[in-house]
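**Q** here is my input; please provide its structure:
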Amino acid sequence: MCLSIPGKLIAIDDVLDDTFRTGKVSFDGVVKKVSLTLVPEAQLNDYVMVHVGAAISVVDEEEAKKTFDILKQLGELDELETPKNQT
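**A** You can find the predicted model right below:
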C-alpha cells in the first residue's frame, strides 16, 4: 500500500523559479528533502502530505499530527529511518 505521510516544512531551498522548488520536511525529527512543485502555496512551518518524495498538499497541523500518530502506532513509518548499517 502506498501512503502519504504528514510532515512539517522546516526549510525551503533557494531556487531560481518555483517549478523546481524543494524543501526539507521534518517527520517527527527525521528530516527529508522533498519536492514542493505540486504545492507552490506551501510556506515555512506548514504541514504537508508527502508521497514518494513529493509534497502533494498542505494540511491542517492538528490533522497532520493525528495522522502521523496513527501511522506511527501502526508501524507504517519504519522506512523513514535510515538502517543503522547505512549512512
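
**Q** hey, let's count contacts and neighbours off CA atoms from now on
**A** Fine.

**Q** can you pull up the bridge partners for Pro6?
**A** Note on Pro6: beta-bridge partners by DSSP bridges are Met49.

**Q** could you report the pLDDT at it?
**A** If you check Pro6, the pLDDT there is 93.

**Q** same question for the one 4 residues further on.
**A** Confidence per residue is given as pLDDT, and for Ile10 that number is 98.

**Q** now for it, how many residues are close by?
**A** 15 (other C-alpha atoms under 10 Å).

**Q** residues touching it, list them.
**A** Listed by C-alpha atoms under 8 Å, 6 or more residues apart in numbering, the contact partners of Ile10 are Gly23, Lys24, Val25, Ser26, Leu44, Asn45.

**Q** select only the buried ones of the residues you listed in PyMOL?
**A** Buried subset of those, written as a PyMOL selection, criterion 16 or more other C-alpha atoms under 10 Å:
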select buried, resi 23+24+25+26
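
**Q** got CSV for the contacts of Ile10, with distance to Val34 and pLDDT too?
**A** Shown next, in CSV, are those (distance: C-alpha to C-alpha, whole Å; pLDDT from 0 to 100):
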residue, distance to Val34, pLDDT
Gly23, 6, 96
Lys24, 6, 97
Val25, 7, 97
Ser26, 10, 95
Leu44, 13, 96
Asn45, 14, 97
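
**Q** burial check on Val15, number of neighbours?
**A** 10.

**Q** let me fix that, I meant to ask about Thr19.
**A** Count around Thr19 with other C-alpha under 10 Å applied: 13.

**Q** looking at the contacts of Ile10, which are in strands?
**A** In this view, the contacts of Ile10 that belong to strands under DSSP state E are Gly23, Lys24, Val25, Ser26.

**Q** assign a three-state SS to Lys65, would you?
**A** Of the three states, Lys65 takes helix under DSSP: H, G, I helix; E, B strand; the rest coil.

**Q** touching stretch 12-23 from outside, list them.
**A** Leu9, Ile10, Ala11, Lys24, Lys33, Val34, Ser35, Leu36, Thr37, Pro40, Leu44.

**Q** ok so, going back, need the ones in strands among the contacts of Ile10 in TSV with distance to Glu61, can you?
**A** Listed next are those as TSV, based on distance: C-alpha to C-alpha, whole Å:
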residue	distance to Glu61
Gly23	18
Lys24	17
Val25	13
Ser26	13
